[in-house]
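Undergrad: Could you work out the structure for the sequence below:
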Amino acid sequence: MQRREFIGLVGGAAAWPVAVRAQSSKRIPVVGVLWAYADAEAAGSSRLALLKGLAEFGYGPGKTFKLEERFAGEVAERYGTLAAELVNLKVDVLVSQGGAPTVALHRATSTIPVVFVGVADPVAQGFVVSLSKPGRNMSGMSQMSADVSSKRLQFLQKAIPALSHVALLGDPTNTGNPLEMAQLSSAARELGLSYEVFGASTRNDIDQAFQRIETQHFLAAVVGAANFLNSERKQISALGLRHRLALIGPYKYYVEAGSLLSYGVDIPTLYHGAAHIVDKVLRGESIGDIPVQQPTRFYFCINLRTAKALGIELSPAILALADDVVE
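TA: Numbers count the residues shown, from 1 in each chain. Predicted coordinates for the structure are as follows:
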């Protein structure tokens with residue numbers, strides 16, 4: 001049940017409607033999107049949020065702008081090929097989903113504006129010079145803040161007061177993985193928790209990681225914010241139940257898939273906000289002057305069915321902190 005709302009970006013209709021601009025020019029703008037997802041259906045609410053945001057600025061696909069989408073299906077070898085494909089179409093602006101697509105577009109062009117969505121630390125990853133003044137051909141929506149890792153571990157401690165050691169599951173092929181695992185490791189040490197990092201970049205890796213986690217008698221695990229792991233959240237959540245492991249994921253849809261907890265940004269809201277940046281670029285603003293947006297609102301979600309299945313009795317105090325509860 002929704003109780004508080006994510007604070008979105010300040011936006012509004014452009015002073016000069018897109019429809020008018022389109023009529024004054026023979027060529028309508030072209031927006032390219034590089035998805036890590038396999039197809040439009042898999043992109044789901046993120047894609048719908050992007051299109052809704054663009055519609056609010058007057059952009060209708062096939063009417064006032066042309067939409068070119070490419071779907072990599074989490075296949076590493078496809079990112080570079082699809083990025084080059086989009087660049088060769090001479091699109092006016094590009095949108096990228098997360099780390100791997102952003103890396104591919106970063107390599108493919110230094111001139112076409114790129115609006116990234118869900119990048120952990122765009123400065124550390126070399127996409128921008130600074131958050132306030134990106135300075136290059138990229139800007140967008142970051143998904144992390146300094147205390148997210150610590151908060152996830154704190155929620156696990158509240159759910160399991162006896163917790164003393166925790167598993168950290170990441171995708172070693174994900175560009176943001178080193179930073180995220182470093183942040184989680186540091187947070188675990190500060191909270192007095194021992195930890196071990198487990199890597200998984202294939203479905204078989206996930207199975208093996210959970211077998212190792214169970215062998216080492218972990219009670220809980222934090223799942224990293226990698227595109228591949230997100231796409232396998234149903235398998236991960238099912239394995240958490242099978243191995244009686246309390247999982248906290250980075251997004252609400254982990255809880256919806258059966259994980260015990262989640263804490264993180266609302267991903268569709270990021271895509272809705274990205275539309276604002278796309279509009280600014282199409283109206284002529286230099287992307288290097290558009291500040292990177294950082295989330296100001298994070299959601300904590302609980303699955304009570306999973307808590308019952310795991311034999312975990314959650315205190316009224318932790319339940320009171322939840323933004324959403326699956327019963």
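Undergrad: Can you name the residues that contact Ile277?
TA: Val115, Ser139, Gly140, Met141, Ile287, Ile290, Gln293 (C-beta atoms under 8 Å, 6 or more residues apart in numbering). To be clear about C-beta, it is placed using only N, CA and C from the backbone, and glycine gets the same treatment.
Undergrad: switch to 7 Å and redo it
TA: Ile277 makes contact with Val115, Ser139, Gly140, Ile290, according to C-beta atoms under 7 Å, 6 or more residues apart in numbering.
Undergrad: I'd say Ala83 and Ala108 touch.
TA: Yes: using C-beta atoms under 7 Å, Ala83 is in contact with Ala108, at 4.0 Å.
Undergrad: Okay, now the unreliable bits of the chain?
TA: When residues are selected by pLDDT under 70, those of the chain lie in 1-26, 145-146.
Undergrad: all strands for it, in order.
TA: 30-35, 66-71, 93-97, 114-119, 138-142, 165-170, 194-199, 220-223, 246-249, 261-264, 299-303, 324-326 (DSSP state E).
Undergrad: Now tabulate those in TSV and tack on mean neighbour count and distance to Gly44.
TA: Formatted as TSV, the strands of the chain follow (neighbours: other C-beta atoms under 10 Å; distance: least, C-beta to C-beta, whole Å):
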stretch	mean neighbour count	distance to Gly44
strand 30-35	24	11
strand 66-71	17	12
strand 93-97	28	12
strand 114-119	28	14
strand 138-142	27	17
strand 165-170	23	23
strand 194-199	16	27
strand 220-223	27	19
strand 246-249	27	16
strand 261-264	26	17
strand 299-303	23	17
strand 324-326	17	18
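Undergrad: I'd like those strands as CSV, with distance to Ile312 appended.
TA: Shown next, in CSV, are the strands of the chain (distance: least, C-beta to C-beta, whole Å):
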stretch, distance to Ile312
strand 30-35, 36
strand 66-71, 38
strand 93-97, 33
strand 114-119, 30
strand 138-142, 32
strand 165-170, 15
strand 194-199, 20
strand 220-223, 10
strand 246-249, 6
strand 261-264, 10
strand 299-303, 10
strand 324-326, 14
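Undergrad: I'm done for today, thanks for sticking with me.
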